[in-house]
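In: Pasting the sequence and the predicted coordinates here, then a few questions.
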Amino acid sequence: MDTQAFLASVPSLFQGDPRSTPPADARWQGFVDGPEAVTGFTGPNELAVLHRAASLLPPDEVYLEVGTFKGRSLCATVQDATDQKFFAMENFLEFGMAGQEARAELEANLARWAGSADVTLLEGDCFKLMAEPGLLPDPVGVYFYDGEHTLLSHYLALAVVEPLLADEALVLVDDATWPVVQRAHHQFIKRHSGWQVVERWDAREADDPLWANGLHALVYRRPPGARRTLGRTDEVLRYYQAHVQDRLNSVAWKAAARFPGPAKEAARWVMGRSRKID
Ligand SMILES: C[S@@+](CC[C@H](N)C(=O)[O-])C[C@H]1O[C@@H](n2cnc3c(N)ncnc32)[C@H](O)[C@@H]1O
């Protein structure tokens, strides 16, 4: 993926300062609150950037999204796609999503908006899926992470995808104005070479109408001779997340569905500061 060409092309998506100007193409706002909107969490400026990234994907690389929910980001991203291959990972766990019902809603949105695009939906935990050998046919040129938002999951979101990335790849991370995401990026980049944060489209407020909770762009350039496997510590962390934390999350989301009031209050106490946008 030519990440320089991508970054150079982003200003043309907006008529003014991207932080405070909506996208020039009105389609992206339509996905958020138009008459045929797709339920979701991404803002119109994020959709404009994701769509541009996908449009620059070389034919021998794939696009990977983690955290698809009901498909807003994916449906917008695949508009105008010609021969790009898109993969999406979703475990249907968060926000009280109820298994097959949620999958049906996502599939209906994809049928409507992404009918002609080459999209493969991979159901399951991304930290298990990404470690499956041979799951994707080509290296990942563009990766969009919008899955679980804890320190460990954001660290692993980069660690686990690294072996799958093309030698030059673009990584877009949602909710990146949250301190917890930036801490995870800092911790990860300290321990791994080839990574750089190249752009920060920060939210001006929580749930910013243009950028939701912010989008950061990272570039990965594989250093010569770098291994395409996880280091030992990262593999232990991945194992914990995929086999222990995963179960705890499942219990927590079930409890949240039964007792929404107390769960909201507990989340405010546990995550309040790590997700604060001033
Ligand atoms: C914020 S939502 C995604 C929003 C979506 N991108 C949009 O545009 O509206 C996060 C999604 O990530 C999914 N998720 C969380 N942890 C995951 C995991 N470990 N593997 C796969 N999906 C996960 C959740 O079920 C949820 O649907």
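Out: Right, received. Where do you want to start? All of these numbers come straight from a predicted model, not from anything done at the bench.
In: check contacts around whichever residue of the stretch 1-150 of the chain sits closest to the ligand.
Out: The nearest approach of the stretch 1-150 of the chain to the ligand comes at residue 40, 2.4 Å away (CB to the nearest ligand atom). From N, CA and C alone the C-beta is placed, and that goes for glycine too. Shown in contact with residue 40 (CB atoms under 8 Å, 6 or more residues apart in numbering): 31, 32, 69, 70, 71, 72, 73.
In: at 10 Å what do you get?
Out: By CB atoms under 10 Å, 6 or more residues apart in numbering, the contact list for residue 40 reads 31-32, 47, 68-76, 109, 146, 212.
In: Likewise for residue 144?
Out: Neighbour list for residue 144: 42, 46, 49-50, 53-54, 63-68, 73-74, 77, 88, 170-174, 215 [criterion: CB under 10 Å, 6+ apart].
In: per-residue confidence at it?
Out: On pLDDT, residue 144 comes in at 99.
In: cool, and residue 269?
Out: So residue 269 comes in at 61 (pLDDT).
In: Let me know whether residue 187 touches residue 234 as I believe.
Out: No. Look at residue 187 against residue 234 with CB atoms under 10 Å: they stay out of range, at 11.4 Å.
In: Could you measure from the closest residue to residue 164 other than its chain neighbours over to residue 88?
Out: Excluding the flanking residues, the one nearest residue 164 by CB to CB, 6 or more residues apart in numbering is residue 140, at 4.9 Å. From residue 140 across to residue 88, the span is 12 Å (CB to CB, to the nearest Å).
In: Which strands or helices does the helix or strand harbouring residue 88 pack on?
Out: Residue 88 belongs to strand 85-90 when assigned by DSSP states H and E. Contacts defined by 3 or more CB pairs under 10 Å, 6 or more residues apart in numbering; DSSP states H and E place strand 85-90 against strand 62-66, helix 72-77, helix 99-113, strand 118-123, helix 126-129, strand 140-145.
In: Just want the angle from the first one to strand 118-123.
Out: Going by axes from the mean of the first three to the mean of the last three CA atoms, to 10 degrees, strand 62-66 is angled at 30 degrees with respect to strand 118-123.
In: And residue 68, how far from residue 75?
Out: Residue 68 sits 9 Å away from residue 75, taking CB to CB as the criterion.
In: Between these two, which contacts overlap?
Out: 40, 106, 109, 110, 119.
In: in this structure, what spans have low per-residue confidence?
Out: For the chain, residues meeting the criterion pLDDT under 70 lie at 94-100, 259, 262-273.
In: which parts of it sit against the ligand?
Out: With CB under 6 Å from any ligand atom as the criterion, the chain meets the ligand at residues 40-42, 66-69, 72-73, 89-94, 97, 125-127, 146-148.
In: Please enumerate the helices of the stretch 151-278 of the chain.
Out: 151-159, 179-191, 232-240, 246-258, 260-271 (DSSP state H, counting those that start in this stretch).
In: For the ones you listed, state which one has the densest average packing.
Out: Each of the helices of the stretch 151-278 of the chain was scored by mean neighbour count; the highest is helix 151-159, a mean of 23, by mean count of other CB atoms under 10 Å.
In: tell me the angle it makes with strand 140-145.
Out: Compare the direction of helix 151-159 with that of strand 140-145 by the same axes, to 10 degrees and you get 170 degrees.
In: one step back: sec struct for the residue of the stretch 1-150 of the chain closest to the ligand, please.
Out: Three-state call for residue 40 (DSSP: H, G, I helix; E, B strand; the rest coil): coil.
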